[in-house]
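Undergrad: With the sequence up front, the predicted model follows.
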Amino acid sequence: MFSREIGIDLGTANTLVFLKGKGIVMREPSVVAIDSKTNTILAVGNRAKEMIGRTPGSIMAVRPLKDGVIADFEITAAMLKYFISKSVRSVFFSRPKVVICVPSGVTEVEKRAVCDAAKQAGVGVVTLIEEPMAAAMGVGLSVYKPSGNMIVDIGGGTSEVAVISLGGIVTSASQRVAGDKFDEAIISYIRRKYSLLIGRCTAENLKIKIGSAVPCEEEEEVLIKGRNLLDGLPKDITVSSKEVREALAEPLKHVVEAIKTTLQNTPPELSADIIDHGIFISGGGALLRGIDSLISQATNMPVYIAENPLDCVAVGTGKCLGGTTVKEFKKALEKNR
């Protein structure tokens, strides 16, 4: 018997599906390959991502979400339908209940677009949860107690910063500066310094292999290939971890500013709790080497990286299935009376 309750982390870079009773059952890139001549979908997820930057003129590999929100409604709906049907074979016989996370800074129109896309994908009941709340629950923070917890979720499209207490977000900041902007910063830096044009996948690999937020004990180098903008011919160069760090300095500054702004807007009692508990980081950005040290230096507070940073939001949506959050909230309130 398949569960009819699904949690979805609909991310700009990756989509994760959490099935009640099974955990995370699918993790694939939020990419769709389309034949522009026939307007048909050729591939979704991993297969589509392999095509980015390598397609002929008639085929487009697109990411239907940008900066955490839907940029192409029809393609998002088709992608959701594919992911849900792949995760739950019986989806077309029983319209599932779905919890989907959205960035905390989205508008009502953007929220409505997510609900409509999910309905078009064959979903019955759609519930939205804010990303920082889902991330905090996935990390395992006591979000229902009258105590302040700070979560920083650095995804592909947005960086979400929030202070949570008694099951709600007290203060938050949502910056559309995250993994994608990190990649763009690396592309711009290489173009400016070496007159070399590299693709998004190359920039992402650079970030993963030698990217860092603070100086490392051992600096590393990586050979990359691209197109020379001076003569248009292929060219390879060696890039150091110091150069990648310089490229990432500007977007990281925006993330740190969002954290500082949120702390400045936090009530004093909750600020005291955060000093005791520390700041928790989740999302793909948490995997950037030294990001905890950078944030700790900027805030003078302890900073901890979540155990499985990529899974936190999906696990958090899973914890919301079946009305678990309401039960836990009531239980926490009764304990603190």
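TA: The structure has been received and is ready for your questions.

Undergrad: When you work out contacts or count neighbours from here on, use the C-alpha atoms and nothing else.
TA: Noted.

Undergrad: can I see the domain layout of the chain?
TA: Using automatic domain parsing, the domains assigned to the chain come out as 5-124, 134-176+249-309, 179-247.

Undergrad: Deepest-packed of those domains, please.
TA: A comparison of these by mean neighbour count, using mean count of other C-alpha atoms under 10 Å, puts domain 134-176+249-309 on top with a mean of 21.

Undergrad: Figure out the length between the terminal residues of that one.
TA: End-to-end span of domain 134-176+249-309 (C-alpha to C-alpha, to the nearest Å): 12 Å.

Undergrad: cool, stretch 130-144 as well?
TA: Distance between the two ends of stretch 130-144: 15 Å, counting by C-alpha to C-alpha.

Undergrad: picking up where we left off before, could I get the domains of the chain as JSON lines with mean pLDDT and distance to Val315?
TA: Below are these laid out as JSON lines (pLDDT from 0 to 100; distance: least, C-alpha to C-alpha, whole Å):
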{"stretch": "domain 5-124", "mean pLDDT": "87", "distance to Val315": "7"}
{"stretch": "domain 134-176+249-309", "mean pLDDT": "95", "distance to Val315": "5"}
{"stretch": "domain 179-247", "mean pLDDT": "95", "distance to Val315": "20"}
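
Undergrad: Go through those and name the closest to Cys320.
TA: Between Cys320 and the domains of the chain, the tightest spacing by C-alpha to C-alpha is seen for domain 5-124, at 7.2 Å.

Undergrad: Centre of the chain to the closest one, how far?
TA: 14 Å (C-alpha atoms, centre = their mean, to the nearest Å).

Undergrad: measure that domain end to end?
TA: Here the two ends of domain 5-124 are set 10 Å apart, with distance taken as C-alpha to C-alpha.

Undergrad: ok, and the closest non-adjacent residue to the residue nearest to the spatial centre of the chain?
TA: Nearest to the geometric centre of the chain sits Gly155, at 2.6 Å (C-alpha atoms, centre = their mean). Counting by C-alpha to C-alpha, 6 or more residues apart in numbering, Gly283 is the residue found nearest to Gly155 once chain neighbours are left out, at 4.9 Å.

Undergrad: where's the one you found relative to Ile84, distance?
TA: For Gly283, the distance to Ile84 - C-alpha to C-alpha - is 22 Å.

Undergrad: Could you do Val32 as well?
TA: Counting by C-alpha to C-alpha, the separation of Val32 from Ile84 is 15 Å.

Undergrad: Tabulate the CA atom coordinates of the helix or strand hosting Ala113 in PDB.
TA: In the assignment (DSSP states H and E), Ala113 maps to helix 108-120. Taking C-alpha atoms only, helix 108-120 is exported to PDB below (Å, rounded to 0.1, in the frame of the first residue of the first chain):
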ATOM      1  CA  GLU A 108       1.000  35.500  -2.500                       C
ATOM      2  CA  VAL A 109       1.100  35.300  -6.300                       C
ATOM      3  CA  GLU A 110       4.200  33.200  -6.300                       C
ATOM      4  CA  LYS A 111       2.700  30.900  -3.600                       C
ATOM      5  CA  ARG A 112      -0.400  30.500  -5.700                       C
ATOM      6  CA  ALA A 113       1.700  29.600  -8.700                       C
ATOM      7  CA  VAL A 114       3.200  26.700  -6.700                       C
ATOM      8  CA  CYS A 115      -0.200  25.400  -5.600                       C
ATOM      9  CA  ASP A 116      -1.600  25.700  -9.100                       C
ATOM     10  CA  ALA A 117       1.400  23.800 -10.600                       C
ATOM     11  CA  ALA A 118       1.000  21.000  -8.000                       C
ATOM     12  CA  LYS A 119      -2.700  20.800  -8.800                       C
ATOM     13  CA  GLN A 120      -2.000  20.600 -12.500                       C
END
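
Undergrad: Can you tell me which helices and strands it packs against?
TA: The criterion is 3 or more C-alpha pairs under 8 Å, 6 or more residues apart in numbering; DSSP states H and E, and the helices and strands that helix 108-120 contacts are strand 69-70, helix 73-87, strand 126-130.

Undergrad: Residues in contact with it: which ones?
TA: Applying C-alpha atoms under 8 Å, 6 or more residues apart in numbering, the set of residues contacting helix 108-120 from outside is 69-70, 73-74, 76-77, 80-81, 102, 125-128.

Undergrad: Go through this protein and flag its longest helix.
TA: The helix of greatest length in the chain, counted in residues with DSSP state H as the criterion, is given as helix 241-264.

Undergrad: What would that one look like as CSV? C-alpha coordinates only.
TA: C-alpha atoms of helix 241-264 as CSV (Å, rounded to 0.1, in the frame of the first residue of the first chain):
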residue,chain,number,x,y,z
SER,A,241,41.4,28.0,-4.6
LYS,A,242,42.5,31.6,-3.7
GLU,A,243,41.0,32.9,-7.0
VAL,A,244,37.7,31.0,-6.4
ARG,A,245,37.6,32.5,-2.9
GLU,A,246,38.0,36.0,-4.3
ALA,A,247,35.2,35.3,-6.8
LEU,A,248,32.9,34.2,-4.0
ALA,A,249,33.7,37.1,-1.6
GLU,A,250,30.9,39.4,-3.0
PRO,A,251,27.9,37.0,-2.9
LEU,A,252,29.0,35.6,0.5
LYS,A,253,29.0,39.2,1.8
HIS,A,254,25.3,39.4,1.0
VAL,A,255,24.6,36.2,2.9
VAL,A,256,26.5,37.5,5.9
GLU,A,257,24.6,40.8,5.7
ALA,A,258,21.3,39.0,5.7
ILE,A,259,22.3,37.1,8.9
LYS,A,260,23.4,40.3,10.6
THR,A,261,20.2,42.1,9.7
THR,A,262,18.1,39.2,11.1
LEU,A,263,20.1,39.2,14.3
GLN,A,264,19.6,43.0,14.7
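
Undergrad: That concludes my questions; thank you for your assistance.
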